[in-house]
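Engineer: here's my sequence, what's the structure:
(3 chains)
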Amino acid sequence: MTNSFSIAELTSMTGAKSVEGQNVGVITGVASLAEATSADLSFLGNPKYASEVSATKAGAVLVPMAYVGQPSSGQVFLRVENPSYALALLCSVLEARLWPRPAAGVHTSAVISSSAKVAPSAHVGPLCVIGDHAEVSAGAVIEARCYIGAQARIGADTWLKPGVSVGDYCQIGARCRIQSGAVIGSDGFGYEPINGEIQRIPQIGNVVLEDDVEVGANSTLDRARFSKTVVGRGTKIDNLVQIAHNVRIGRQCLITAQVGIAGSTTLGDHCVLGGQSGVAGHLTLGDRVKLGAQTGLFEDVPADGFMNGTPAAPFGLERRLVVLSRRLPELFKKVDSLAASLDSAKR
Amino acid sequence: MTNSFSIAELTSMTGAKSVEGQNVGVITGVASLAEATSADLSFLGNPKYASEVSATKAGAVLVPMAYVGQPSSGQVFLRVENPSYALALLCSVLEARLWPRPAAGVHTSAVISSSAKVAPSAHVGPLCVIGDHAEVSAGAVIEARCYIGAQARIGADTWLKPGVSVGDYCQIGARCRIQSGAVIGSDGFGYEPINGEIQRIPQIGNVVLEDDVEVGANSTLDRARFSKTVVGRGTKIDNLVQIAHNVRIGRQCLITAQVGIAGSTTLGDHCVLGGQSGVAGHLTLGDRVKLGAQTGLFEDVPADGFMNGTPAAPFGLERRLVVLSRRLPELFKKVDSLAASLDSAKR
Amino acid sequence: MTNSFSIAELTSMTGAKSVEGQNVGVITGVASLAEATSADLSFLGNPKYASEVSATKAGAVLVPMAYVGQPSSGQVFLRVENPSYALALLCSVLEARLWPRPAAGVHTSAVISSSAKVAPSAHVGPLCVIGDHAEVSAGAVIEARCYIGAQARIGADTWLKPGVSVGDYCQIGARCRIQSGAVIGSDGFGYEPINGEIQRIPQIGNVVLEDDVEVGANSTLDRARFSKTVVGRGTKIDNLVQIAHNVRIGRQCLITAQVGIAGSTTLGDHCVLGGQSGVAGHLTLGDRVKLGAQTGLFEDVPADGFMNGTPAAPFGLERRLVVLSRRLPELFKKVDSLAASLDSAKR
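Structural biologist: Reported below is the predicted structural model:
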């Protein structure tokens, strides 16, 4: 980053409620509390790191309103409601400088079907392929080496990073962001054993991403067997996630890395699935369901359920079972001792 | 789908044994029982949904021979041996309309080595790269942005979706289907610690997919250290699966999403590996071995074995252990109570 | 492989300490003990296969110094310190023949920014895209269809296989190898709930791979929220691995397939993470920490720790818990029997 901000600029950009201490220099970078120098802005986003604030060399620190402490000499505290979000406001400015929106227009090396419709304000980068009757809406950014299949549709202001594949007939909403290598619209994994041979079931549906959906790098979303696989508005999907055919994910969910959701399962809104967790097929999860990391879920979960472990159990029970299972050596000994004691009592 | 079928056409296409009820309209779509309208065909493929048949608004329903019930007014039941497969027959017709085989020939933007052999009946899409001495057989479809390495071979009628990578020297059989982003022939992960530094072991083998193999999106199949990594005829691999170097998979196996198989392990025929399961290296699995989802297998399994859990145990035992482990709180209490009771008895 | 070696050549290439037996033919291939023919070299790399040596038909076998046994007729034993590494020396020669370094120069179909710097000795394959101010150093090989973003840097002699994506501003060291489909520099998965909506936190840092790092196929390494995500010198990462934003991995680590490391976690040097294991965010792992396959780690681990299971426990304890949990049926019975016995004793 070759940017430079005065404390006054930072105060304004982060919406700080109060400024404590004094720093006459400029801030040219962002760094963690442990790594920051006097030219860096840092922040206390996770209470785990609170003890690092007093030792940080950062020239400016975003701290939560309730933080007890004061800046060291030459250091400024900017008090904000949510340091993490305040930092995000600043980073948005930096991001816009680092990734200015590419100019409208289609790169000469892209291969665009004559029946495709690309909005004049959209950007299509080098070596992209856009299929027959596909549509790229106003303000969309399609970076290098993307594939957009026949009759697929990319919504307004959606941004595809380099190397994304959007399969034929799939629909991407507005303001979505899709990371490199993601595959939207691969065939669902559908087979039937017929006469001892595995026969493929055609997968003739599509994938629909509603507005404001984000998809991580190399994640895969399968097209429906028929009808559609759906990801609801505002849901964010991390890297290397597998979404099988006919899955329906609600709105504002967080699906973290390496999660797998099997076919025809339905998730409500505001669900949070921990890393590497897996959900079996044909299940229904209510709103706000949470799964811990590596959970293996094989049953329906009503709204607000929090499940953990494999096979998944309600969080409180699962935690208790883990604690008790660690005491198994003690339990085995105790039972042996009871048996011996009873034996001698009987004699 | 903009297709339209009469009931007579559906009866013929699905091979229905009997037709019950009457519907004078046409069917223009396929939908689940819960979502279907009177213009839709639906089906009872999973007994779990049997109760939805009587309430469905579908204009036609594929039901199994043994299904007890009758169509509502204006609705038709088509009785078939296997509704799921009957639907697949219909969907095959629809699929062929949605994805007509692309015309033979090589797109002008593709970069083809002068020593590569591409059959005149094959299709090679835009921005593909085909290396020296590679071979693309008759009827093969290589969609946009695929890479076919030096001396690699693609069998007859095999279909590569956009963005597949087939590494140098790898061999793909006939009638295979490979989804976007799959990598066939990445280097095996082979290293030796030599003098405190990790040294790479060259991986000079290849990958061989026999006929009728399917590989999911973004799955990775490593080339052998030497010799070959093999996937047997008719085996289907889902998305984001990792097949390590020198693995040998038998015929007609189903390897579901996010499975990992470590180096030099051998699978028999007709094995089924549940989602996110992992198999350690240098193991041997017999024919028809099954692993439950998220299983972690660290030992050989003879034919017909069904393993579950981490570390994997025979399915029946593992289920019993799960049930008993849920009763640990009760067991701890019981032992405490026994101890107290024995104590008081001794006094 | 169409190569041919005399026993004398093999002896020299593998640095064999002694040669036993006689074989007047030539060796033209490499194969496992079980599959080798008289024209093959084989090796005993894993003691598990020791019993196969006496039955192998290999014309030459690399055996460890301590191996007890002698060659059969027409067979040669080459005794070496480390058969696996000796084979690697030979395979390196074969590899260099199978994958000769491509000629220096940029393919005419590649799209290179006029502000990018490509060393004259580097190779850039067909249909690559290289962004503004990017730099490709001397001797680097960028195979077909790679993307190198704006201001990214590729170190000397680094080799990118076809279809790698290196995001804007990312830094790749010297002598790295990156397999097809890997994504270096996808956005970190950072969101904050603001007023009930999930807001994206800009990810403005980069990814730095130090020298001699290897990354497997379709693995994903997220750019830092700010600052950098770092992979230390000599560390090897397998396929389908997820490295989240701001992770710091030390030197000479082995990260096997399908591992996930959540945000801001730090690993020391020489760590080994087993397949499909997961590490939660904001943790610190010391040097030489080991995780078994499928481990789920939720706590810091000091140097030399070896953890296993989910949630992870020290290896010895975890093994003991597994053994005891398999004895739960017996324990439940024993407690029932004790209760009955105590009951009758009381009467």
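
Engineer: biggest helix in chain A, by residue count?
Structural biologist: The helix spanning the most residues in chain A, taking DSSP state H as the definition, is helix A:328-346.

Engineer: which residue ranges form the helices in chain A?
Structural biologist: In chain order, chain A shows helices spanning A:7-14, A:83-98, A:315-326, A:328-346, with DSSP H as the criterion.

Engineer: what comes into contact with the last one?
Structural biologist: Outside helix A:328-346, the residues that touch it by Cβ atoms under 8 Å, 6 or more residues apart in numbering or on different chains are B:331-332, B:335, B:338-339, B:342, B:345-346, C:320-321, C:324-325, C:327, C:331, C:334-335, C:338, C:341-342, C:345. For glycine as for every other residue, the C-beta is placed from the backbone atoms N, C-alpha and C.

Engineer: same question for the shortest one.
Structural biologist: Contacts made with helix A:7-14 from outside it, assessed by Cβ under 8 Å, 6+ apart, are listed as A:5, A:16, A:19, A:23, A:27, A:41, A:60, A:62, A:76, A:78, A:80, A:86-87, A:89-90, A:93.

Engineer: quick one: which of the residues you listed is nearest chain B?
Structural biologist: Set against chain B, the nearest of the contacts of helix A:7-14 by Cβ to the nearest Cβ is A:L87 (32.3 Å).

Engineer: correct me, but the closest one touches A:L62?
Structural biologist: Yes: here A:L87 reaches A:L62: they are 5.9 Å apart, a contact under Cβ atoms under 8 Å.

Engineer: so those two - more neighbours on which side?
Structural biologist: A:L62 (27 against 23; other Cβ atoms under 10 Å in any protein chain shown).

Engineer: so who does the more buried one touch?
Structural biologist: Going by Cβ under 8 Å, 6+ apart, the list of residues near A:L62 reads A:T14, A:A16, A:L41, A:S42, A:F43, A:L44, A:L78, A:V80, A:P83, A:A86, A:L87.

Engineer: measure the residue nearest to A:T56 when sequence neighbours are not counted to B:V118 for me?
Structural biologist: The shortest distance from A:T56 to any residue that is not its chain neighbour, by Cβ to Cβ, 6 or more residues apart in numbering or on different chains, is 4.2 Å, and that residue is A:L33. Counting by Cβ to Cβ, to the nearest Å, the separation of A:L33 from B:V118 is 59 Å.

Engineer: who has more neighbours out of those two?
Structural biologist: Set side by side, A:L33 and B:V118 show unequal neighbour counts under other Cβ under 10 Å, the larger going to B:V118 at 25 against 22.

Engineer: quick check: beta-bridge partners of the closest residue to that one other than its chain neighbours?
Structural biologist: Leaving aside its chain neighbours, B:V118 sits nearest to B:V136 (4.5 Å; criterion: Cβ to Cβ, 6+ apart). According to DSSP bridges, the residues that bridge with B:V136 are B:V118, B:I154.

Engineer: B:V136 reaches B:G155, doesn't it?
Structural biologist: No: at 9.2 Å, B:V136 does not count as touching B:G155 under the criterion of Cβ under 8 Å.

Engineer: more neighbours: those two, which one.
Structural biologist: When neighbours are counted by other Cβ under 10 Å, B:V136 comes out ahead of the other of B:V136 and B:G155, with 30 against 22.

Engineer: where does the stretch 51-200 of chain A have low pLDDT?
Structural biologist: Low-confidence segments of the stretch 51-200 of chain A, defined by pLDDT under 70, are absent; every residue clears the threshold.

Engineer: mind doing that once more with 90?
Structural biologist: Counting by pLDDT under 90, the stretch 51-200 of chain A contains low-confidence ranges at A:84-85, A:87-94, A:192-197.

Engineer: residues from it in reach of chain C?
Structural biologist: For the stretch 51-200 of chain A, the residues found near chain C under the criterion Cβ under 8 Å from any Cβ of the partner chain are A:82, A:84-85, A:87-88, A:91-92, A:94-95, A:98-99, A:107, A:109, A:125-127, A:144-145, A:161-163, A:177, A:179-181.

Engineer: any idea how far the residue nearest to A:Q70 when sequence neighbours are not counted lies from A:S6?
Structural biologist: Excluding the flanking residues, the one nearest A:Q70 by Cβ to Cβ, 6+ apart is A:E20, at 6.2 Å. As for A:E20, its distance to A:S6 is 16 Å (criterion: Cβ to Cβ).

Engineer: stretch A:94-114 vs chain B: in contact?
Structural biologist: Yes: where contact is defined by Cβ under 8 Å from any Cβ, part of stretch A:94-114 touches chain B, namely A:V111.

Engineer: buried sites along that stretch?
Structural biologist: A:94-95, A:98-99, A:102, A:104, A:106-107, A:109-113 (16 or more other Cβ atoms under 10 Å in any protein chain shown).

Engineer: follow-up on the earlier one: buried ones in the longest helix of chain A?
Structural biologist: By 16+ other Cβ under 10 Å, the buried positions in helix A:328-346 come out as A:L328, A:L331, A:F332, A:K334, A:V335, A:L338, A:A339, A:S341, A:L342.

Engineer: and that helix, average pLDDT?
Structural biologist: On average, the pLDDT along helix A:328-346 is 92.

Engineer: same deal with stretch A:250-264?
Structural biologist: Per-residue pLDDT over stretch A:250-264 has a mean of 98.

Engineer: ends of that stretch, what's the gap?
Structural biologist: Its start and end residues considered, stretch A:250-264 measures 13 Å (Cα to Cα, to the nearest Å).

Engineer: is it positioned near chain B?
Structural biologist: Yes: on the criterion Cβ under 8 Å from any Cβ, stretch A:250-264 is in touch with chain B at A:Q258, A:G260, A:A262.

Engineer: could you flag which of those are buried?
Structural biologist: With neighbours counted by 16+ other Cβ under 10 Å, the residues of stretch A:250-264 next to chain B contain buried members at A:Q258, A:G260, A:A262.

Engineer: quick one, what contacts the second one?
Structural biologist: So that's A:G260. A:V241, A:Q242, A:A244, A:S277, A:G278, A:V279, B:L240, B:A257, B:Q258, B:G275, B:Q276.

Engineer: gap between it and chain C?
Structural biologist: To chain C, A:G260 is 11 Å away according to Cβ to the nearest Cβ, to the nearest Å.

Engineer: could you do the first one as well?
Structural biologist: With the distance defined as Cβ to the nearest Cβ, A:Q258 ends up 5 Å from chain C.

Engineer: over to that residue: give its phi and psi.
Structural biologist: Main-chain dihedrals, A:Q258, degrees, to the nearest 10: phi 70, psi 10.

Engineer: what's the burial count for the nearest residue to A:A119 once chain neighbours are set aside?
Structural biologist: Nearest residue to A:A119 in three dimensions, chain neighbours excluded: A:A138, at 4.2 Å (Cβ to Cβ, 6+ apart). By the measure other Cβ under 10 Å, the count of residues near A:A138 is 14.
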